[in-house]
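>>> What would the 3D arrangement of this be:
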Amino acid sequence: MNGEPQKIRIAVIGAGTISQSVHLESLRRAGFDIRYVCDLSPSRAHEVAAAIGATASTSPQEVFEADDVDAVLIATPGSHAQLSAAAIREGKHVLAEKPLAFTAHEVDELEALAVAHGVVTQVGYMKMFDPLLATAANELAEYRGIKLVRVTVAHPADEPQVSHLRLGAVPRDADMESIDQAVAYDRARAAEALPGASDAMLAYYSNVLNGSVIHEFSLLRALGLELPQKWEARLLSPIDGTEPPSLLAHAQVGEAAFVLNWNWVPEYPEYDEELAVLASNGRLEFHLAKPYLLEARSQLRSQRYDGELRKDTNYSASHETGFLRQLDAFSAAIRTGQGNPATFAGAKQDIAQLQALAQAVALSLGETIGTEV
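Take a look at the predicted model:
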């Protein structure tokens with residue numbers, strides 16, 4: 001025996017773009033033993049599983065009940081509350097892509113289940129594990145009198161981001177009954193999160209706010225920045241149009257103004273995300289790595305004054321991404337109980353922020369919506 005720890009046996013639930021482009025190879029690099037690939041499309045499940053020597057399945061419950069699975073990575077569309085709960089009940093450790101859930105009530109239920117079954121449940125907030133995150137937080141700790149926190153996102157359509165992957169046509173043999181049930185569940189939970197909201201507002205909450213904007217709040221939290229309690233927001237095109245409307249939101253925490261600008265740019269070839277902080281004694285620019293690229297690197301620039309001395313520093317880190325580092329943290333939590341920042345409490349904070357944003361957008365559209373009970 002060489003004394004090396006036994007590999008954690010894992011199953012991947014959802015074999016779509018993010019799994020094929022990032023998760024499967026990252027799991028291999030992180031030292032996991034991929035036992036199953038599960039997808040509601042039989043053809044995709046078998047094709048992806050065969051390519052890596054795993055077993056194909058179209059039944060998540062079958063995988064959760066498997067004796068040769070220790071953990072699952074859930075990367076299906078929409079909310080991951082139902083699948084996470086089912087996996088936890090079978091004693092599996094769970095790494096669930098964001099959003100974990102659409103309501104705080106669901107998160108409370110998942111937390112109680114995880115405690116009862118003694119398993120690790122981690123949210124897929126990969127930006128929290130970016131190799132430059134700690135450096136950015138340390139730089140911010142030296143800034144005095146923050147005046148502005150601005151997050152700008154350019155979000156293309158899927159095709160320009162993933163064309164290099166050559167994934168082929170979307171399979172047409174998926175189990176539509178199961179998909180329809182999942183969609184209905186998500187819509188019901190969105191309606192619980194935003195009582196009285198229109199169908200268009202519920203769709204925006206589910207698809208844009210929980211599908212993309214949620215990452216910005218996990219990033220701000222990880223950097224140690226206090227989040228606003230209330231937002232003002234408006235959309236830059238009709239909410240019921242053919243494309244997701246861009247979002248412009250602002251808030252204030254003490255003397256610091258927060259500006260969040262999420263932009264739908266379907267023909268732009270690359271996802272782009274920048275966090276900028278302006279303080280009395282400096283400025284920070286944090287350009288986050290692009291998704292769907294295994295070895296993309298974030299870039300960080302800090303310009304800070306210390307008396308008469310100006311310090312301009314450009315940082316880059318290794319080619320390991322937050323996707324890989326979050327798997328290291330998941331493994332450490334399973335093996336040693338070591339905690340990490342992608343917690344249930346953080347998920348509930350993000351849900352509260354998204355609900356506040358949705359309420360602000362609704363108000364700008366003349367809608368009045370309630371709050372989760």
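>>> Phi first, then psi, for the residue lying closest to Val149 once chain neighbours are set aside.
Spatial nearest neighbour of Val149, excluding adjacent residues (C-beta to C-beta, 6 or more residues apart in numbering): Phe258 at 4.9 Å. All C-beta atoms are positioned from the backbone trio N, CA, C, and that covers glycine. Main-chain dihedrals, Phe258, degrees, to the nearest 10: phi -110, psi 130.
>>> Quick check, pLDDT for Phe258.
Per-residue pLDDT puts Phe258 at 98.
>>> can you count the residues close to it?
The tally of other residues near Phe258 (other C-beta atoms under 10 Å) stands at 20.
>>> from what I can see it touches Leu248, true?
No - in this structure, Phe258 is not within contact of Leu248 by C-beta atoms under 8 Å, at 11.8 Å.
>>> Show me the common contact partners of these two, please.
Listed as contacting both Phe258 and Leu248 by C-beta atoms under 8 Å, 6 or more residues apart in numbering is no residue at all.
>>> After the helix or strand of the chain with the lowest mean pLDDT, which helix or strand is next? Please name it.
Lowest by mean pLDDT, DSSP states H and E among the helices and strands of the chain is helix 158-162, with a mean of 86. Downstream of helix 158-162, the next assigned helix or strand under DSSP states H and E is helix 176-193.
>>> Spatially central, which residue of this protein would that be?
Centroid check for the chain by C-alpha atoms, centre = their mean gives Lys98 as the closest residue, at 3.9 Å.
>>> what's near enough to touch it?
Contacts of Lys98 by C-beta under 8 Å, 6+ apart are 123-125, 210, 214-215, 218.
>>> how near is the residue nearest to Val149 to Asn138?
Distance from Phe258 to Asn138, counting by C-beta to C-beta, to the nearest Å: 21 Å.
>>> ok, now Ala86?
40 Å.
>>> Specify which residue of these two has the higher count of neighbours.
Between Ala86 and Asn138, counted using other C-beta under 10 Å, Ala86 has the larger neighbour count: 20 against 11.
>>> So the more buried one lies in a helix, does it not?
Yes - under DSSP: H, G, I helix; E, B strand; the rest coil, Ala86 sits within a helix.
>>> Phi and psi next, for Gly16.
The phi/psi pair for Gly16 (degrees, to the nearest 10) is phi -80, psi -150.
>>> Model confidence for it, exactly?
95.
>>> ok, now which ones touch it?
Remark: with contacts taken as C-beta under 8 Å, 6+ apart, Gly16 is in contact with 39, 44, 75-77.
>>> Going by neighbour count, which of those comes out on top?
Counting by other C-beta under 10 Å, top hit in those: Asp39 with 27 neighbours.
>>> tell me the contacts of that residue?
By C-beta under 8 Å, 6+ apart, the neighbours of Asp39 are 13-16, 45, 48, 58, 174.
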